[in-house]
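S.K.: after the sequence you'll find the predicted model.
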Amino acid sequence: MDDGKKIAFVKDYGAFLRVKKGMIVCELKDKELWQVSPAELSSIVILSTSAISSEVVKLAYHYGIDLVFFEKYEPIAKLIPARYGGSMKLWIKQIIAHRKKRYIYAREFVYAKLHNQDAEILREEVRLRFVL
């Protein structure tokens, strides 16, 4: 999804990400590498050799910014805002529906499982007729 926002990378050994006057700032040995408005970002990618302040995490939550942590070339964690929107709302509705109508869902799951097994047996039967 291209929403026109940027992805910030914190890749330098010893780099520190912090908030300064409402802006996200990346520093390395007291030298500012870059500064960006949180409204411009969709994600921040942070290597494990860098550090991040809790204020950046809070600001990322407020602006809906994903935080992705990497160890060398492997992702190790992803923090997404825990707002009740999108997939989180759907997940909560599913839990509520499950509690209210669990017997209906159980019956449908069993029916679907039996239907799929029946279809698989029929496919196997047709396949075996051609083999024999």
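M.R.: Thanks, I have it. Values in this document were obtained by computation on a predicted structure and should not be read as measured data.
S.K.: low-scoring stretches of this protein, by residue?
M.R.: When residues are selected by pLDDT under 70, those of the chain lie in 1-2, 83-88, 131-132.
S.K.: which residues of it fall in helices?
M.R.: 54-63, 87-100, 102-131 (DSSP state H).
S.K.: so what's residue 71 closest to, chain neighbours aside?
M.R.: Here the nearest residue to residue 71 in space, its sequence neighbours aside, is residue 48; by CB to CB, 6 or more residues apart in numbering that works out to 4.6 Å. (Each C-beta comes from the backbone N, C-alpha and C, glycine too.)
S.K.: from residue 11, how far out is that neighbour?
M.R.: 11 Å (CB to CB, to the nearest Å).
S.K.: same check on residue 27?
M.R.: Shown here: residue 27 relative to residue 11, a distance of 13 Å by CB to CB.
S.K.: then residue 92?
M.R.: 36 Å.
S.K.: and if you look at residue 117?
M.R.: Residue 117 sits 50 Å away from residue 11 when distances are taken as CB to CB.
S.K.: I'd say residue 51 and residue 15 touch.
M.R.: Yes: using CB atoms under 8 Å as the test, residue 51 is close enough to residue 15 to be in contact (7.3 Å).
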